[in-house]
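>>> Sequence and computational prediction follow.
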Amino acid sequence: MRISSKIILLVFFSMQLYLSPLIYAQITSFKDIRLLSQNHPDSAIMLVKKRYAKAVGDKDLFVQANCLQAIGWLCVNQGHYGQAQDYYFQADRIYTQLNSKQLLASNWSDIGELNIFNKQHDLAKIYFNKALQSFKIEGDKNGEASVLGNIGHLFEKVANYDSAFVYQERALAIYREVANKNGEAKIHENLGSIYEDLAKYDSAFYHFEKASDLYRETKDNYGMIVVLNNMGDIFRKTNRFPESIKLTQSAYQMAEKLGDVYQMAATTKDLSKTYALSNQLDSAYFYAERSRKLVLELYSVDGARHTAFFQALYDMNQKAEEIEKLQVTKKINLMMLWGTVVVLVLLIVLSYVLYSRQKIKIKNQITESRKQEAERELTEIALKNQLLEDKQLKQELTLKQKELTSHTLNLIRNNQFLEELRDELKVMVKDERRDQKRQMQQLVLQINENITQGVHWKEFMGTFERVHHSFFEKLIQRFPDLTAADMRLIALLKINLNNADIAVLLGISQDSLRVARHRLRKKMRLEQGEDLAGYLLTVS
């Protein structure tokens, strides 16, 4: 037995060496790899291994993720669910990084199928729903229908047949909409399986027959084998043994032609059952024995394939680790090289900076010295100009003050003259000559009206404002209710005239002046005892 096993393995590997180049030449997509994995998982893993190594070398994350997802399929087909989940999650991380939403949804759908095999039905439903939502957003009808079919299969597994029918019918409608006949065939096959579980054999046969027609139209021979065998099972279960034998033999012949040992073993086992039920015991024994030999062969081939599969997977992991180590080493070496270059550049830059700074420092010192000298000269010139301006201002102020004093004296003399004239006229008014009395009274009134008016006051106020710039503006801001008469009194107090001169200039008596000063103090809100003239002198 040990020798025969070695012979089988030797023959198997020899066939692989011969067939692999032919197989690789025909495989152009990851969909083809999935089909190849049904009967040649070892060849499929070697092909994926080759593509993954190239993708890692090319730093092509997209192809790397596709290869990792494909390895996940292959591990599921070989029953290695833990490893499959690890590869799916690696693909998930890369798809997420690339923001490839459709491929991410496809990967989620595969993870959902994996969880069905692991009997994690709730988790499978979560992944299916995520995939379904993503396919809808992206407008991928085929992806949407595929996930709906998987959800229907999930409900079938938990014996929730009503929900299973609903999802399978939705998937079928979408596949018809997009004219995906292979997808339609798969859904009809799923519906046939549900009806078979419910012992509704007519409905089951109808859907299997529809699937058979569609598989034949799309030339999907692997799908045809499974459906023909299922139709044979329906005939056997309904005691229509000749029809069952005919269909199952057709399935066997197709499997034999394709070299599908697994389906050959399944169909011969079903033929043995059918012949036994129809009391053809010789034929039943023949096919039972044939099935047993095929199963043994299948185990031997599967063992060899599993060995090759794991060897290729191990080699791939080792290769990936070696590549990763090389990349890490390369990164470290590159970082060290760049670090050395950076240090050298920094040293050169530092030397240049120090030299430049020293040079700039000397230049700045010379410039600063010249600048200070220029500033000193400018300061001296500015000081001289300021002294000249101050001298000029003092001269102008002296002239204005003299002018103001002159105006004030003119006003005083004018008013004094008018007062004297007014007093004389008052004496004349007392004379008994009535014809002159009325005229003199009119003169007195005119003198009273003009004693404090005229050009002299305008000139006086103008000169005052030039001497005491903005004085009235500041005062009005503090006390807005001051009148023009108040302003004249304030101006006379500001230039520090005595009460007698102020009364003369304003053309009023001393008593009236006291009343005016009292009212002005109230407007300016001065405390009792606070000097009015002194306060005005403090207002600049």
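In hand now; what should we look at?

>>> tell me which element Ala204 is part of?
Assigning secondary structure by DSSP states H and E places Ala204 in helix 201-218.

>>> CA atoms only for that helix, dumped as CSV, please.
Taking C-alpha atoms only, helix 201-218 is exported to CSV below (Å, rounded to 0.1, in the frame of the first residue of the first chain):
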residue,chain,number,x,y,z
TYR,A,201,-40.5,16.9,-6.7
ASP,A,202,-42.5,18.3,-9.7
SER,A,203,-41.4,21.9,-8.8
ALA,A,204,-37.9,20.7,-8.1
PHE,A,205,-37.6,18.9,-11.4
TYR,A,206,-39.0,22.0,-13.3
HIS,A,207,-36.3,24.2,-11.8
PHE,A,208,-33.5,21.7,-12.4
GLU,A,209,-34.6,21.3,-16.0
LYS,A,210,-34.5,25.1,-16.5
ALA,A,211,-31.1,25.2,-14.9
SER,A,212,-30.0,22.4,-17.3
ASP,A,213,-31.2,24.2,-20.4
LEU,A,214,-29.4,27.4,-19.3
TYR,A,215,-26.1,25.6,-18.4
ARG,A,216,-26.3,23.9,-21.8
GLU,A,217,-26.8,27.3,-23.5
THR,A,218,-23.8,28.8,-21.6
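
>>> what helices or strands is that helix leaning on?
helix 181-197, helix 221-237 (3 or more Cβ pairs under 8 Å, 6 or more residues apart in numbering; DSSP states H and E). C-beta here means a position set from N, CA and C on the backbone, and glycine is covered the same way.

>>> Just the angle for that helix relative to helix 221-237, thanks.
Taking axes from the mean of the first three to the mean of the last three Cα atoms, to 10 degrees, one finds helix 201-218 and helix 221-237 inclined to each other by 160 degrees.

>>> what is the rounded mean pLDDT of helix 201-218?
Helix 201-218 shows a mean pLDDT of 93.

>>> Leu103 - nearest residue in space that isn't next to it in sequence?
Nearest in space to Leu103, with sequence neighbours left out and distances taken as Cβ to Cβ, 6 or more residues apart in numbering, is Tyr95 at 5.1 Å.

>>> tell me which residues in the helix or strand harbouring the one you found are buried?
Taking DSSP H and E as the criterion, Tyr95 maps to helix 81-98. Residues Tyr81, Gln83, Ala84, Gln85, Tyr87, Tyr88, Gln90, Ala91, Asp92, Ile94, Tyr95 are the ones in helix 81-98 that count as buried (16 or more other Cβ atoms under 10 Å).

>>> ok, now stretch 532-540?
Neighbour counts over stretch 532-540 (16+ other Cβ under 10 Å) mark Leu532, Ala533, Leu536 as buried.

>>> what do you get for stretch 150-165?
Quick answer for stretch 150-165 (16+ other Cβ under 10 Å): Asn150, Ile151, Gly152, His153, Leu154, Phe155, Glu156, Ala164, Phe165.

>>> Give me the contact list for that stretch.
109, 112-113, 116, 121, 124-125, 128, 132, 166-168, 171, 190-191, 193-194, 197-198 (Cβ atoms under 8 Å, 6 or more residues apart in numbering).

>>> Give the buried subset of those as a PyMOL selection command.
Only the buried entries of the contacts of stretch 150-165 go into this PyMOL selection, using 16+ other Cβ under 10 Å:
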select buried, resi 109+112+113+116+124+125+128+132+167+168+171+190+191+193+194
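
>>> Look at the residue nearest to the spatial centre of the chain and report its pLDDT.
In the chain, the residue lying closest to the centroid (Cα atoms, centre = their mean) is Asn99, at 14.0 Å. Looking at Asn99, its pLDDT reads 90.

>>> Give me the average confidence score over stretch 224-239.
92.

>>> Backbone dihedrals for Leu482, please?
When read as degrees, to the nearest 10, the backbone of Leu482 gives phi -70, psi 140.

>>> Do I have it right that it meets Arg519?
No. Between Leu482 and Arg519 there is no contact under Cβ atoms under 8 Å: 10.6 Å.

>>> More neighbours: the two, which one.
Per other Cβ atoms under 10 Å, whichever of Leu482 and Arg519 has more neighbours is Leu482, with 17 against 14.

>>> OK, contacts around the more buried one?
Leu475, Ile476, Ile490, Lys523.

>>> gap between the last one and Ala171?
Which is Lys523. Lys523 is 99 Å from Ala171, where distance means Cβ to Cβ, to the nearest Å.

>>> Next: the first one.
Using Cβ to Cβ, we find Leu475 at a distance of 96 Å from Ala171.
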